[in-house]
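J.: I'll drop the sequence and a predicted model, then ask my questions.
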Amino acid sequence: MKKIAVVALGGNALLRGSEIGTIQQQEKNTYLTCTNLIKIINKDYGLVITHGNGPQIGNILLRNEAGYESYKIPKMPIDICVADSQGGIGYMIERQMKNILRERKIRKNVTTLVTEVLVDIDDPAFKEPTKPVGKFYLKEEADLLARANNWIFKEDPRKRGWRRIVASPQPLDIVNKKIIKDLVSKGNIVIAAGGGGVPVYLDKNKNLQGIEAVIDKDSASSLLATEIGAESFYILTDVPKVYLNFHQPNQRALDSLTVEDAKRFYDEGQFSAGSMGPKILAAINFLTNGGKESIITEASELNNPKSGTIITK
């Protein structure tokens, strides 16, 4: 393979906003999303697929709590839960992609790799966690859980209750990058870095240890794309383009952006931290570290030549 594309699937690729998340719903959405990726394969790109895991990790944590409360099944830490979600979601994507390739008589192997992502144990994010995970609790319940587990809780801005918050450190290195690059360079489709990757750090003996944290999926995907020498980085989300003045009467869709424009608009506050902001930063980081283009769009729009916002140097 001469060219590699990394495609980061957003949460809506597997689960739509109005759905409760049955396996039938998730598999249908996964199939439709993967169908749209055939265009990239037909352009003779080696393909690496990353994905989010927000709703799924929330469900895993709920099972954690229910199992402990009812049967005293030991709770698993978040790094193990992220690894669990990588396996389950990767399995869905892998199976549906294999079905689509068979239907189109395209001969390619597809594999899922549980991916570790290195973080710094001294990252400031561990002192000031910000990422909400799991279910909503009453204030009294949150206080009890905080004392029992040494967890940190924060009230939801929309007053839906209190949620546990964990650190979201910056990814430093994709531990499995060499095997990912080797596999994709030989023509295999690789599903990796799901949910931002399993967060690990190096202890004083240089051993890898898991840690309770959640890594931003787009940031980890950008780093992976850089480290394996990808040319193109696709970020698939729930809107067809990037917008200025989003959801305002004067909102304007952007067909293309330079890195300089993207930085300027970001500094002006055009892209919110909880929505488009991390995606724009991920694209900027990819392009300033050797990438050629980043495309932000909706999965269903990949076959529309006029859709998507293309960011270039």
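T.: Looks like it came in fine.
J.: going forward, measure contacts and count neighbours with C-alpha atoms only.
T.: Will do.
J.: Mind listing what's buried along the helix or strand of the chain with the lowest mean pLDDT?
T.: Taking mean pLDDT, DSSP states H and E as the measure, the helix or strand of the chain with the lowest value is strand 131-137, at a mean of 89. For strand 131-137, a neighbour-count test (16 or more other Cα atoms under 10 Å) marks 131-134, 136-137 as buried.
J.: list the helices and strands that strand packs on?
T.: helix 54-71, strand 162-166 (3 or more Cα pairs under 8 Å, 6 or more residues apart in numbering; DSSP states H and E).
J.: again, 10 Å this time
T.: If contacts are counted by 3 or more Cα pairs under 10 Å, 6 or more residues apart in numbering; DSSP states H and E, strand 131-137 sits against helix 54-71, helix 139-149, strand 152-155, strand 162-166.
J.: quick one: average confidence on stretch 244-261?
T.: Taken as a whole, stretch 244-261 has an average pLDDT of 96.
J.: Do I have it right that Gly11 meets Gly52?
T.: Yes - look at Gly11 against Gly52 with Cα atoms under 10 Å: they come within range, at 5.3 Å.
J.: Which stretches in the stretch 101-250 of the chain count as strands?
T.: Per DSSP state E, counting those that start in this stretch, the stretch 101-250 of the chain carries strands over the ranges 110-112, 116-118, 131-137, 152-155, 162-166, 173-174, 189-191, 198-202, 208-210, 232-237, 242-244.
J.: Report the central residue of this structure.
T.: With distances taken as Cα atoms, centre = their mean, the residue of the chain nearest its centroid is Lys217 (2.8 Å).
J.: That one - nearest residue in space that isn't next to it in sequence?
T.: Gly196 (3.8 Å; Cα to Cα, 6 or more residues apart in numbering).
J.: quick one, what contacts that neighbour?
T.: Gly196 makes contacts with 8, 50-53, 82, 86, 115-117, 168, 171, 214-221, as judged by Cα atoms under 10 Å, 6 or more residues apart in numbering.
J.: picking that back up, gap between the residue nearest to the centre of the chain and Ala230?
T.: Distance, Lys217 to Ala230, using Cα to Cα, to the nearest Å: 17 Å.
J.: Just the buried positions in stretch 27-45, please.
T.: Under 16+ other Cα under 10 Å, the buried positions of stretch 27-45 are 27, 29-38, 40-41, 45.
J.: Of those residues, which is the nearest to Gly90?
T.: Comparing the buried residues of stretch 27-45 against Gly90 with Cα to Cα places Thr30 closest, at 10.3 Å.
J.: helix/strand/coil for the closest one?
T.: Per DSSP: H, G, I helix; E, B strand; the rest coil, the local secondary structure of Thr30 is helix.
J.: mind checking how far it is from Glu212?
T.: Taking Cα to Cα, one finds Thr30 at 28 Å from Glu212.
J.: next one: Leu37
T.: 33 Å.
J.: Contact partners for Cys34?
T.: Contacts of Cys34 (Cα under 10 Å, 6+ apart): 9, 13, 49, 93-94, 96-101, 299-300.
J.: let's go with 8 Å and repeat that
T.: 93, 96-97, 100 (Cα atoms under 8 Å, 6 or more residues apart in numbering).
J.: And Gln24, by the same measure?
T.: Counting by Cα under 8 Å, 6+ apart, Gln24 has no contacts.
J.: Could you tell me whether it really is in a strand?
T.: No - under three-state DSSP, Gln24 falls outside any strand and is assigned helix.
J.: re earlier: any chance you could give me the least confident helix or strand of the chain in PDB, C-alpha atoms only?
T.: Taking Å, rounded to 0.1, in the frame of the first residue of the first chain, the C-alpha atoms of strand 131-137 are listed here in PDB:
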ATOM      1  CA  LYS A 131     -14.600  13.600  31.600                       C
ATOM      2  CA  PRO A 132     -18.000  12.300  32.800                       C
ATOM      3  CA  VAL A 133     -18.600   8.600  32.700                       C
ATOM      4  CA  GLY A 134     -21.300   6.200  33.800                       C
ATOM      5  CA  LYS A 135     -24.800   6.900  35.200                       C
ATOM      6  CA  PHE A 136     -26.400   9.800  36.900                       C
ATOM      7  CA  TYR A 137     -26.800   9.600  40.700                       C
END
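J.: who's in contact with that strand?
T.: 57-59, 61-62, 160-168, 214.
J.: May I see the ChimeraX selection of the buried members of those?
T.: Of the contacts of strand 131-137, the buried ones go into a single ChimeraX selection, burial set by 16+ other Cα under 10 Å:
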select :57,58,59,61,161,162,163,164,165,166,167,168,214
